[in-house]
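[1] Provide a 3D model corresponding to the input given below.
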Amino acid sequence: MTSGSMRRAQLVSPFGVGAMSVLVDGTSVITAGLDHWFPRNNADLALEDFRVNDWRLEARLKVQEFRLPPDYRKGSPEDHRNEKLSVPALRFPSYSFCMYCKRLKQVPLSFQDAVRCDEPTCVGKRRFGPKMSQVPFVAICGKGHIDDFPFREWVHRSKNPSCAGVLRLFSTGGGGLEGQVVRCGYDAKNQRDESKGCGASRSLQGITTGGMKDESGEGTFLTQQLAGRSDPYLCTGARPWLHEEDGPCDQPVQGALRASGNVYFPYVESSIFLPQKIGAVSGALRDLMKRADVEPTMAFLFTMRGKDATVAEIRQATRGAGELFDQFSDDELLAAFQDRFGIGSAGEDGDIDESGDLDIWRHPEFKLLRETPQDDELRASDPGVHAAIAAHVDRVRSVTVLRETRVLRGFARGRDNNLKIAEGKALLRRRPLPPDKDWLPAYVVKGEGIYFELDSDRLAAWEARGEVQARADLIANQYEQVITARGGRPRDISPRMVMLHTFAHLLINELVFTCGYSSASLRERLYVSRDGGRDMAGLLIYTAAGDSEGTMGGLVRMSRPDRLQPVFAAALSDAHWCSTDPVCMDAAQGPDSCNLAACHGCALLPETSCEEFNRFLDRGLVIGTFDDPSLGFFSELS
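    Residues are numbered from 1 along each chain as shown. I've put the predicted structure just below:
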């Protein structure tokens with residue numbers, strides 16, 4: 001039986017449900033669905049060790065709670081709680097091939113032993129036969145399905161081949177897929193053997209090609225060419241991570257290398273925890289609310305009484321904890337109940353959004369971060385703004401404590417798209433759970449950061465310039481064409497969004513050198529909107545890693561005026577010239593060609609640090625272009 005280990009955070013992203021990973025013994029596996037993460041028949045299961053709550057995120061994703069991925073515990077003679085829990089995985093792809101005789105062999109997804117070649121004449125034949133390796137090819141579709149590559153159908157050019165001959169995968173030379181050839185009815189020496197099959201042969205050239213338009217819409221090379229355009233080969237609806245098929249699927253299917261980036265796009269929703277009443281609830285009281293003998297009764301009380309629950313009823317619900325809650329006043333206990341279930345003033349203006357509109361979702365965070373909250377879960381101070389940047393930056397906040405919850409709400413394959421919340425959640429388990437029992441995998445990290453906000457008057461005057469809007473429209477129009485062709489919903493790609501996003505990347509790259517963080521340990525969080533009721537132009541750069549890195553206070557110290565101004569100046573100075581200029585400055589580049597002056601030499605970050613997959617970037621809107629040095633918002637500072 002094969003097994004492996006990884007960090008719990010990786011089971012949310014990038015190796016969450018439906019993602020493939022490679023174990024230490026070389027076996028490729030796919031992470032199983034949520035149905036079997038916490039076995040119901042486990043008498044020693046104590047879910048309170050895994051529950052995570054964030055009232056805003058629970059409302060947005062319509063779940064009762066979040067759970068940390070299970071961690072493996074050896075247990076002890078005295079305590080068997082949550083002993084030997086693990087996240088199940090299935091062998092995938094199920095096809096393997098022999099490096100000696102090139103024979104293809106398929107085994108069940110649940111096969112746990114090493115796959116060995118049973119070819120009698122294999123030159124690598126030993127006592128148990130040579131160990132076979134899994135093939136590097138899979139087939140994916142836009143609805144999230146994934147299946148083994150259809151080798152038998154492909155080589156026989158038929159959706160229902162009648163030949164059951166021996167298949168072999170030969171490498172005939174060449175640097176591309178044209179050198180990979182599937183053959184039926186050949187021996188290990190690549191010689192025709194009529195006793196082994198029909199003799200069909202076909203290379204894998206073109207199987208990864210997508211975006212091929214035809215009369216029925218968008219198609220792929222695999223769909224159109226497997227059996228011919230008149231008989232398209234469509235997705236089988238396979239969901240191997242759930243060990244079942246979803247039924248017939250009407251989507252075209254595309255070949256892919258199992259390790260390629262388009263096989264899995266995790267959708268991770270994140271939230272900065274916002275207390276209902278700043279400073280009203282201590283960290284100790286929040287921890288007590290999570291006790292196994294308190295949390296279920298509190299949840300039941302909220303289900304039955306909601307916001308009408310009285311202090312007396314709340315105290316009755318805490319009786320299982322004995323006298324531990326007696327030290328807290330009625331006001332504190334009521335505030336803790338409201339904080340846990342999202343009852344109170346926060347969100348009553350419509351800011352708790354479940355539609356996916358990021359502007360609405362981020363606005364409560366924007367309103368609170370720009371002040372100086374003092375709470376055990378969110379704490380910030382005002383270090384002041386250096387005079388040299390005060391004309392461009394309205395305020396700076398030193399965020400010494402923040403708590404971020406990151407939740408996997410689904411995934412996509414083939415390409416990134418606007419995945420709806422309900423569609424994404426449906427991919428994570430076989431059958432949906434009722435809202436009062438539904439949960440999603442998450443992990444919680446605490447960190448620190450720097451928040452700053454641009455001067456609104458200067459920003460409005462800059463955005464009103466025609467040449468500024470015209471340059472931003474180059475990116476906005478390109479993105480609109482791409483997303484419309486995919487059936488997605490266009491969004492507002494404003495000059496402030498492109499400029500602030502690019503400046504965030506420039507600052508992070510500079511902070512990496514100044515503070516000594518790794519580039520992947522700093523993240524951006526953009527607060528950008530031109531909505532009249534929710535006008536925002538703020539940026540939070542923060543550390544929120546799953547380990548101890550980034551929690552030593554180094555980033556917070558950089559928010560002091562005498563330290564932040566040199567970082568600003570260095571970031572803007574470095575942005576003036578890229579090693580690939582002058583090509584970089586005006587080239588349409590990046591994912592979906594949605595960048596202008598931004599490449600790996602100047603403005604790109606690790607994808608874990610960027611909210612937009614390194615799209616919507618342009619140094620020209622930050623520091624100006626060669627033709628118009630005054631175009632940038634920060635041109636005067638640079």
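[2] what helix or strand does the closest residue to residue 238 other than its chain neighbours sit in?
    Of all residues not flanking residue 238 in the chain, residue 147 sits nearest, at 3.8 Å (Cβ to Cβ, 6 or more residues apart in numbering). In short, each C-beta sits where N, CA and C put it, glycine included. Element membership for residue 147, per DSSP states H and E: strand 146-148.
[3] pLDDT weak spots in the stretch 151-300 of the chain?
    Confidence mapping of the stretch 151-300 of the chain against pLDDT under 70 gives the ranges 213-218.
[4] tell me where it has strands.
    For the stretch 151-300 of the chain, strands defined by DSSP state E, counting those that start in this stretch occupy the ranges 167-171, 180-184, 201-203, 212-214, 217-219, 238-239, 244-245, 254-257, 265-272.
[5] any chance of TSV for those, columns mean neighbour count and distance to residue 323?
    TSV is the format used below for the strands of the stretch 151-300 of the chain (neighbours: other Cβ atoms under 10 Å; distance: least, Cβ to Cβ, whole Å):
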stretch	mean neighbour count	distance to residue 323
strand 167-171	20	70
strand 180-184	22	71
strand 201-203	17	76
strand 212-214	13	71
strand 217-219	15	66
strand 238-239	22	50
strand 244-245	13	50
strand 254-257	22	60
strand 265-272	20	34
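[6] ok, the strand holding residue 147: who's next to it in the sheet?
    Strand 146-148 has the following sheet partners, assigned by DSSP bridges: strand 137-140 (antiparallel).
[7] what's in contact with the partner strand?
    92-93, 146-150, 204, 207, 222, 235, 253-258, 262-263, 413-414 (Cβ atoms under 8 Å, 6 or more residues apart in numbering).
[8] could you redo the last one with a cut-off of 7 Å?
    93, 146-150, 222, 253-258, 263, 413-414 (Cβ atoms under 7 Å, 6 or more residues apart in numbering).
[9] and for stretch 200-207?
    So stretch 200-207 is contacted by 154-156, 176-178, 180-184, 221-222, 225, 255 (Cβ under 7 Å, 6+ apart).
[10] whichever of the contacts of strand 137-140 end up buried, select them in PyMOL.
    Buried residues within the contacts of strand 137-140, by 16 or more other Cβ atoms under 10 Å, are selected in PyMOL with:
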select buried, resi 93+146+147+148+149+150+222+253+254+255+256+258+263+413+414
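[11] which one of the contacts of strand 137-140 is nearest residue 567?
    Set against residue 567, the nearest of the contacts of strand 137-140 by Cβ to Cβ is residue 263 (37.8 Å).
[12] need the contact list for the closest residue in space to the closest one that isn't next to it in sequence.
    Leaving aside its chain neighbours, residue 263 sits nearest to residue 256 (5.4 Å; criterion: Cβ to Cβ, 6+ apart). By Cβ under 7 Å, 6+ apart, the contact set of residue 256 is 138, 140, 208, 262-263.
[13] so residue 494 makes contact with residue 530?
    Yes. In this structure, residue 494 is within contact of residue 530 by Cβ atoms under 7 Å, at 5.5 Å.
[14] so between those two, which is more surrounded?
    Neighbour count, other Cβ atoms under 10 Å: between residue 494 and residue 530, residue 494 has more, with 19 against 16.
[15] return the residues in contact with the closest residue to residue 169 other than its chain neighbours.
    Closest residue in space to residue 169, ignoring its immediate chain neighbours: residue 97 at 4.9 Å, by Cβ to Cβ, 6+ apart. Contacts for residue 97 (Cβ under 7 Å, 6+ apart) come out as 103-104, 132-133, 135, 169.
[16] what is the nearest of these to residue 370?
    Taking Cβ to Cβ as the measure, residue 135 is the one of these closest to residue 370, at 53.3 Å.
[17] quick one on the thing from earlier: how far is the strand holding residue 147 from where the chain is centred?
    How far strand 146-148 lies from its chain's middle: 21 Å, per Cα atoms, centre = their mean, to the nearest Å.
[18] tell me the pLDDT of the closest residue in space to residue 384 that isn't next to it in sequence.
    In this structure, residue 384 finds its nearest non-sequential neighbour in residue 561, 5.1 Å apart by Cβ to Cβ, 6+ apart. Turning to residue 561, the model gives it a pLDDT of 95.
[19] if we can go back for a sec, verify the stated contact: the residue nearest to residue 238 with residue 241.
    No. With contact defined as Cβ under 7 Å, residue 147 does not reach residue 241; the gap is 11.4 Å.
[20] the stretch 301-450 of the chain: strands as residue ranges?
    Under the criterion DSSP E, counting those that start in this stretch, strands of the stretch 301-450 of the chain are mapped to 379-381, 393-412, 439-454.
[21] picking up where we left off before, nearest to residue 614, out of the strands of the stretch 151-300 of the chain?
    strand 265-272 (13.6 Å).
[22] hmm, back to that, and the residue nearest to residue 263, how far is that from residue 415?
    Going from residue 256 to residue 415 by Cβ to Cβ, to the nearest Å gives 11 Å.
[23] now list whatever residues contact both of the two.
    Contacts common to residue 256 and residue 415, judged by Cβ under 7 Å, 6+ apart, are residue 262.
[24] re earlier: could the strands of the stretch 301-450 of the chain go into a markdown table alongside distance to residue 325 and mean neighbour count?
    Output for the strands of the stretch 301-450 of the chain, formatted as a markdown table (distance: least, Cβ to Cβ, whole Å; neighbours: other Cβ atoms under 10 Å):
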| stretch | distance to residue 325 | mean neighbour count |
| --- | --- | --- |
| strand 379-381 | 25 | 19 |
| strand 393-412 | 23 | 22 |
| strand 439-454 | 23 | 23 |
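[25] turn those strands into a markdown table, columns for distance to residue 230.
    Below are those laid out as a markdown table (distance: least, Cβ to Cβ, whole Å):
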| stretch | distance to residue 230 |
| --- | --- |
| strand 379-381 | 64 |
| strand 393-412 | 30 |
| strand 439-454 | 43 |
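[26] now tabulate these in a markdown table and tack on distance to residue 36 and mean pLDDT.
    As requested, those are arranged in a markdown table below (distance: least, Cβ to Cβ, whole Å; pLDDT from 0 to 100):
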| stretch | distance to residue 36 | mean pLDDT |
| --- | --- | --- |
| strand 379-381 | 39 | 94 |
| strand 393-412 | 16 | 94 |
| strand 439-454 | 13 | 93 |
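[27] closest one to residue 486 among the ones you listed?
    strand 393-412 (10.6 Å).
[28] dump that closest one to CSV, restricted to CA.
    Below are the C-alpha coordinates for strand 393-412, written out as CSV (Å, rounded to 0.1, in the frame of the first residue of the first chain):
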residue,chain,number,x,y,z
VAL,A,393,-0.7,58.2,-0.3
ASP,A,394,-3.5,59.3,2.0
ARG,A,395,-2.9,56.9,4.9
VAL,A,396,-0.8,54.0,6.0
ARG,A,397,-1.7,51.4,8.6
SER,A,398,0.6,49.0,10.4
VAL,A,399,-1.4,45.8,10.8
THR,A,400,0.3,43.9,13.6
VAL,A,401,-2.3,41.1,13.9
LEU,A,402,-4.7,39.6,11.3
ARG,A,403,-6.3,36.3,10.8
GLU,A,404,-7.0,34.9,7.3
THR,A,405,-9.1,31.9,6.4
ARG,A,406,-8.6,30.3,3.1
VAL,A,407,-11.2,27.9,1.8
LEU,A,408,-11.3,25.6,-1.2
ARG,A,409,-14.6,26.0,-2.9
GLY,A,410,-14.0,24.2,-6.2
PHE,A,411,-11.7,23.8,-9.1
ALA,A,412,-11.6,24.1,-12.9
